[in-house]
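Asker: please find the sequence and the predicted model below.
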Amino acid sequence: MRTFWLRSTLSLVIALAAACADDIPEVMTSGSSSSEGDTTNGPGPTTLTTDSTSNVDTTEGVVDSTTTEGPADSTSTGEPGSSSSESSGGPVCGDDVADAGEACDGSDLAGGDCITAGFDAGTLACMADCSALDTSQCFMFSCGNDAIEGAEACDGNDLGGATCVTAGFDEGVLDCMADCSAFDTAGCIMYACGNDLVEGAETCDGSDLAGSNCVAEGFDEGTLACQPDCAAYDTSGCIVCNDGVAEGSEVCDGNDLLGNDCTSIGMGFDAGTLACAPDCGDFDTSACTTCGDGVAAGVEECDGADLLGNACTDLGFDGGVLACDAGCGFDTAACTTCGDGAIEGAEQCDGANLAGQTCQSQGFDFGALGCTSGCGFFLDNCVNIINETEPNDDGAVAVATNDFSAANANGPYSTDTLIAASINPVGDDDIFAVFNPGPTYAILSLETYGPIPGTCDLPTDTVIELRTNLNQLITSNDQGGINNCSLLSNLIIPPGFTVYVRVIDFGDNSVIPAYHLHIRIDPVVCGDGLAGPGEQCDDGNVA
C-alpha cells in the first residue's frame, strides 16, 4: 500500500508540472531584419532582448517590455557585461541553472533527490526540457523481504547480527517491527542478580553457586562465594597449597613451616633441613639427619663408615685414607696431595722433602736420592760401587804412553755406574766402554772422585779422555771436578753408539792408590719438558 501511494503521488506531481508548463503563453517579440538575417516570428520560445527594466510576468503570461530596435542578436542596453540569458527575460533550459519556471535544469535539481521525491533510494535526474524531475532511476525498498535496505533498521529475519544481548538485555529472542523501522524487544529478558537463582549468563547468584566449590575451581579447600555482580566466583575464601602461606588444615606450605625445624617435630632428628611435602599435608624430613646412626642422610657428608662411596681422590687429593668426623663431615687428615711439599699419608717424599732419606738409607753405596711426581723415591741416581777388572788396557805398562785397548775395556755400561779403581802400577791406563742402548740420544757425564765417593783428596790427580773405538780423542778434562779430580759433562751419545773412557794419572807417571769413576747416562726423553739433543722442542706433551 505504501509503495502504491508514493507512486500515485509522484504521478500526480508530474502531471501537474506538465499542465503548468502548457499554461505558459508563448512570448513573441517584434524585430527587424539585420545584416545577419531576418528573424522569423513563430510559435515556440524566443530569446528576448530587453533593457534592465524589462518585466516578465510568468504567472500571467504577459510580457511588459520596452525593446530597442536593432539586430536580433544585439545585447541589452542595460549594464555592460550582462549575458543574453539574463537580459532575455525568460528561462534557458540546458544552462544547469534551474530558473523560475523550470522544474530543474541539467545537474541543478533544485536541491531535490530520490528521497525528497518520495522514493527510498536511487539517482534523480532532470527531464531534457527542464519541465520535470526524471525519477526513472529512483526506486522503493520493500519492507518484509527479509533483507535490510536503505534506512531499514531490520527486515523480517534479517536483524543485521543484532541480538537481545547487543540490545542491552541478558538473553531472549529479538524480532523486527512490522514496518522495519526498529527492533522488537518484546521477547528479550533482563535477569535480576541477587535473587539466589542463576539465570542466563550469570556464573552464580548469591548462595546459588551452580554446583561449584573451591576444589572444582582448582583450589585445595575453603569456602567459595559469588561476586556481587553475579559475573564470577569470589575465591578469596579458598585455600591453595604451595602459595607459601600455611592456612586451614595445611601442616605447612612451601617455606612456611609454622616455626618448625628437624629437631622440633619430635621424630628424633638432631640436625638437618626441614621442608614441606608437596601436598602441604605433612613435613618432608628427607634432609633431616641423626648423626651417628651409621647412615649418611640429608645434609650429612658421611656417617661413621658410610662415606657415600667417596675417597680422598674424589675430594681433590692425590691419595690417602678418607674418614668421617664426629659431626658427620669428611675427615681429610689422612688424605694426601703430592706436590705440596708436605709428606702425608703413604707419601715417601714430596718434592724436595725426602724425609731425611738418602741413597745410602735406601741400600745403595752412592748417589742423589730424588722424589717422583707421585711422591715416591726416585732411585735412578742411586748406585752401588763395582770394581774395575784388570787389565783393562793393552796390558803393556808404559809410562807416559797411551795404552788404549777397546778389546780389554771394562763394560760396556749403559746405566749410571760407580766404579772403584786404581792407577797401579805407574803407567797403568784404565779403559771403560759406555753404550747408549736407547732409540734416542743420551747425555753422558763422567766424573772422578778420590777414595771417598763425592769427594776428592788433593793427592788424587786424574785426567779423563773420551775416545772412539779407533782410539781417536773426542775430548778430555784434567781438573774440571773437585780439587784435582776431572769432570766431563753434557756429552752427547747417538743411539746405539759406544764410546770409550780412558782414566790416567796426570802425566801418566804416578800411582793413584784408589779413585772412583762415576758414569751417568741420561736418555733424551720426549715429554720431559727439556728440549734435548735431537729434539726441536719439548713442552711436556708426551704425545
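Answerer: Yep, that arrived.
Asker: please, where are all the strands along the stretch 251-400 of the chain?
Answerer: Under the criterion DSSP state E, counting those that start in this stretch, the stretch 251-400 of the chain carries strands at the ranges 271-272, 275-276, 283-284, 288-289, 319-320, 323-324, 330-331, 335-336, 366-367, 370-371, 377-378, 382-383, 385-387.
Asker: looking at this protein, which helix or strand is least sure?
Answerer: Of all the helices and strands that make up the chain, the one with the lowest confidence by mean pLDDT, DSSP states H and E is strand 62-64; it has a mean of 35.
Asker: for G304, list the residues it contacts.
Answerer: Contacts of G304 were listed using C-beta atoms under 8 Å, 6 or more residues apart in numbering, and they are G292, G294, C324. In this view, the C-beta of every residue, glycine as well, is placed from N, C-alpha and C.
Asker: I misspoke; the intended subject was T460.
Answerer: For T460, the contacting residues are T448, Y449, G450, P451, N483, N484, C485, I512, Y515, taking C-beta under 8 Å, 6+ apart as the criterion.
Asker: do you know how far it is from A368?
Answerer: Taking C-beta to C-beta, to the nearest Å as the measure, T460 and A368 are separated by 21 Å.
Asker: thinking again about what came up before, okay, the contacts of G304 in JSON lines with neighbour count, pLDDT and distance to C241 next?
Answerer: Formatted as JSON lines, the contacts of G304 follow (neighbours: other C-beta atoms under 10 Å; pLDDT from 0 to 100; distance: C-beta to C-beta, whole Å):
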{"residue": "G292", "neighbour count": "13", "pLDDT": "84", "distance to C241": "35"}
{"residue": "G294", "neighbour count": "12", "pLDDT": "88", "distance to C241": "35"}
{"residue": "C324", "neighbour count": "22", "pLDDT": "93", "distance to C241": "38"}
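Asker: and which of those residues is nearest to G244?
Answerer: In terms of C-beta to C-beta, no member of those lies closer to G244 than G292, at 34.7 Å.
Asker: okay but the closest one is in contact with A305, surely?
Answerer: No. Using C-beta atoms under 8 Å, G292 is not in contact with A305, being 11.8 Å away.
Asker: closest to F139 out of the strands of the stretch 251-400 of the chain?
Answerer: Each of the strands of the stretch 251-400 of the chain was checked against F139 via C-beta to C-beta, and the shortest separation belongs to strand 275-276, namely 79.3 Å.
Asker: direction included, what does that closest one pair up with?
Answerer: The strands that strand 275-276 pairs with in its sheet are strand 283-284 (antiparallel) (by DSSP bridges).
Asker: so who does G316 touch?
Answerer: Remark: with contacts taken as C-beta under 8 Å, 6+ apart, G316 is in contact with T337.
Asker: for it, give its distance to L444.
Answerer: Taken as C-beta to C-beta, the span from G316 to L444 is 42 Å.
Asker: again with E535
Answerer: Distance, E535 to L444, using C-beta to C-beta: 17 Å.
Asker: neighbour-wise, which of those two wins?
Answerer: It is L444, of E535 and L444, that has more neighbours when counted by other C-beta atoms under 10 Å, with 20 against 15.
Asker: that one pairs with what?
Answerer: L491, I521.
Asker: on the three-state scheme, the residue nearest to D99 when sequence neighbours are not counted is what?
Answerer: Of all residues not flanking D99 in the chain, P91 sits nearest, at 3.7 Å (C-beta to C-beta, 6 or more residues apart in numbering). The assignment at P91 comes out as coil when based on DSSP: H, G, I helix; E, B strand; the rest coil.
Asker: list the contacts of P453.
Answerer: P453 makes contact with D365, F366, I385, L418, H516, H518, according to C-beta under 8 Å, 6+ apart.
Asker: rerun that using 10 Å as the cut-off
Answerer: Under the criterion of C-beta atoms under 10 Å, 6 or more residues apart in numbering, the neighbours of P453 are D365, F366, G367, V383, I385, L418, A420, E447, Y515, H516, L517, H518.
Asker: okay, those residues in TSV with distance to D256 and neighbour count next?
Answerer: Compiled in TSV, these are given as follows (distance: C-beta to C-beta, whole Å; neighbours: other C-beta atoms under 10 Å):
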residue	distance to D256	neighbour count
D365	78	15
F366	77	20
G367	73	22
V383	76	22
I385	82	14
L418	80	22
A420	87	16
E447	81	24
Y515	90	27
H516	84	23
L517	86	24
H518	80	21
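Asker: does S136 touch T123 like I think?
Answerer: Yes. Counting by C-beta atoms under 10 Å, S136 does reach T123; the two are 9.3 Å apart.
Asker: got the contact list for R502?
Answerer: Residues near R502 by C-beta under 10 Å, 6+ apart: 392-393, 402-405, 409, 429-432, 463-467, 471, 473, 476.
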